[in-house]
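In: heads up, no residue letters with this:
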């Protein structure tokens, strides 16, 4: 009898082991997929950022080339023609890279030289080549390449005008009517190129926003798979180890904390990766309206600095998630430096108007968590810009710091649209958004409240619709 019972029991044990192994395998595979998904998504967004930055160099090169060519046709100064050749070589470099990567026999070394000629950052070259090589046949990216190709055709026309007019100007054979005709052609080409450049950046922006959405959906689904399989595994372990139920419950709680940390990581990535794109759009708007070359170079430098600071901020956010269980990381920090970084990261126009920033720093050095303060201030200042009032002649954001009893107080105030009383009770809820602001994900103030709570502080809001909004953060100093 005992011999007859052994095989079924053995089969049950084997089935149990296979079930637990399968559940664990699913969790591991899902976690690996999440890591790979985030890695490649971040790389794609980084490459898209590089292309948008390269487009600004492309745009500047063709605009400067147009200006120098017009000066040359008017004045006949060979220095202007030399400057034209130098500036037109920038978009031509990008053209060389595109043609090389589009051919069947790809020469990556030549493509890299073309991108460097186009004044792309050397550290971005690998990402530029990687994105083009792997995604050039996808519909959305094919559209980007199509716009790029159309722009190159116009650049070639501009270059040909320069080449054809050079000997005529040098020999003094250019009549006033011919000069006028050439200048009109150059102006029309430059205007058409501006349209193509904006379309290029806008299309890349659409791609990045879709990637953000797909990343969010993918991470949610994977997190649900991880959570469901983890809970199933926990249930089996509870039944198997009923004599150690307390220990199993504690392990399950730890697992939920880990999943919550992963969830918050996803929210931060999808929320904050939009900032450099929004800043770029604002600065590109400034460049389109600016004719001073020195000022344009300053805006381009601001674009690069904004992206570099955002990249640094994202890395810090990853460390923030990893150190979640360590609690507060309090150390000596300076509010002036944190506020300056936040202002630099968010400084741009809103709907064509400049945002003014004002600081009233009465308290600078405190012992606190600098990273959490960065999260708080970055989201509050970003919201002030998003919800600025375009009808007001002057738009501003004020940041104040002072000591109240033994607490540090930070205030962020703006003269934007304001917040209705009915909304003030819900603005800190996850995914709650005011109005139809397309730049908002409904997570910023949720992250602010979470960070303030972790710092054992409190936050309150005072606002009058159409007049002002003021957020007051009080934390132990």
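Out: Great, that's in hand. On a predicted model such as this, the values are computed, not experimentally measured, just so you know.

In: tally of neighbours for residue 294?
Out: 7 (other C-beta atoms under 10 Å). Where you see a C-beta, it was placed from the backbone N, CA and C, and this is true even at glycine.

In: That one and residue 459, how far apart?
Out: 42 Å (C-beta to C-beta, to the nearest Å).

In: repeat for residue 233
Out: Distance of residue 233 to residue 459, given as C-beta to C-beta: 39 Å.

In: cool, and residue 418?
Out: Distance of residue 418 to residue 459, given as C-beta to C-beta: 17 Å.

In: I'd like the domain boundaries of this structure, if you could list them.
Out: Here the domain parsing of the chain from automatic domain parsing is 18-261, 327-477.

In: for the stretch 1-150 of the chain, which spans come out with low pLDDT?
Out: Filtered on pLDDT under 70, the stretch 1-150 of the chain yields the residue ranges 1-17.

In: At which residues are the helices of the stretch 301-450 of the chain located?
Out: Along the stretch 301-450 of the chain, counting by DSSP state H, counting those that start in this stretch, helices occupy 335-346, 370-386, 421-424, 444-454.

In: List the buried residues in stretch 186-205.
Out: Residues of stretch 186-205 classed as buried: 186, 189-190, 192-194, 196-201, 203-205 (neighbour count, 16 or more other C-beta atoms under 10 Å).

In: ugh, wrong one, stretch 453-466
Out: Those would be 455, 457, 459, 463, for stretch 453-466 by 16+ other C-beta under 10 Å.

In: measure it end to end?
Out: From its first residue to its last, stretch 453-466 covers 29 Å (C-alpha to C-alpha, to the nearest Å).

In: before we move on, the earlier item: out of the buried residues of stretch 186-205, who's nearest residue 175?
Out: Minimum distance to residue 175 across the buried residues of stretch 186-205 is 16.5 Å, recorded for residue 186 (C-beta to C-beta).

In: How about the secondary structure of the nearest residue in space to that closest one that is not next to it in sequence?
Out: Of all residues not flanking residue 186 in the chain, residue 66 sits nearest, at 5.3 Å (C-beta to C-beta, 6 or more residues apart in numbering). In three-state terms, and counting by DSSP: H, G, I helix; E, B strand; the rest coil, residue 66 is helix.

In: Please report the distance of residue 66 from residue 182.
Out: From residue 66 over to residue 182 the distance is 11 Å, taken as C-beta to C-beta.

In: Strands of this structure, start to end?
Out: Assigned by DSSP state E, the chain shows strands spanning 331-334, 349-350, 353-361, 365-368, 395-404, 407-414, 458-464, 468-476.

In: Comparing these, which yields the minimum mean pLDDT?
Out: With a mean of 56, strand 349-350 has the lowest mean pLDDT of the strands of the chain.

In: Compute the number of surrounding residues for the closest residue to residue 428 other than its chain neighbours.
Out: Nearest-residue entry for residue 428: residue 449, 4.1 Å, with adjacent residues in sequence omitted and distances by C-beta to C-beta, 6+ apart. By the measure other C-beta under 10 Å, the count of residues near residue 449 is 19.

In: Wait, residue 449 touches residue 460, no?
Out: No - when contacts are counted by C-beta atoms under 8 Å, residue 449 is not listed as touching residue 460 (10.8 Å).

In: hang on, the earlier thing: packed most tightly, which of the helices of the stretch 301-450 of the chain would that be?
Out: Most buried of the helices of the stretch 301-450 of the chain by mean neighbour count (mean count of other C-beta atoms under 10 Å) is helix 370-386; its value is a mean of 23.

In: other SSEs contacting it?
Out: Under the contact definition 3 or more C-beta pairs under 8 Å, 6 or more residues apart in numbering; DSSP states H and E, helix 370-386 sits against helix 293-322, strand 331-334, helix 335-346, strand 395-404, strand 407-414, helix 444-454, strand 468-476.

In: what about it, distance to the chain center?
Out: Remark: helix 370-386 is offset 15 Å from the chain centroid, using C-alpha atoms, centre = their mean, to the nearest Å.

In: Could you give the average pLDDT over it?
Out: Rounded mean pLDDT across helix 370-386 is 87.

In: Where does pLDDT dip in the stretch 201-350 of the chain?
Out: Along the stretch 201-350 of the chain, segments meeting pLDDT under 70 span 242-255, 257-279, 308-327, 347-350.

In: can you rerun that using 50?
Out: 316, 319-320, 322-323, 325-326 (pLDDT under 50).

In: and residue 304, what does it touch?
Out: Neighbour list for residue 304: 53, 121 [criterion: C-beta atoms under 8 Å, 6 or more residues apart in numbering].

In: ugh, wrong one, I meant residue 299
Out: Here residue 299 is in contact with 283, 286-287, 290 (criterion: C-beta under 8 Å, 6+ apart).
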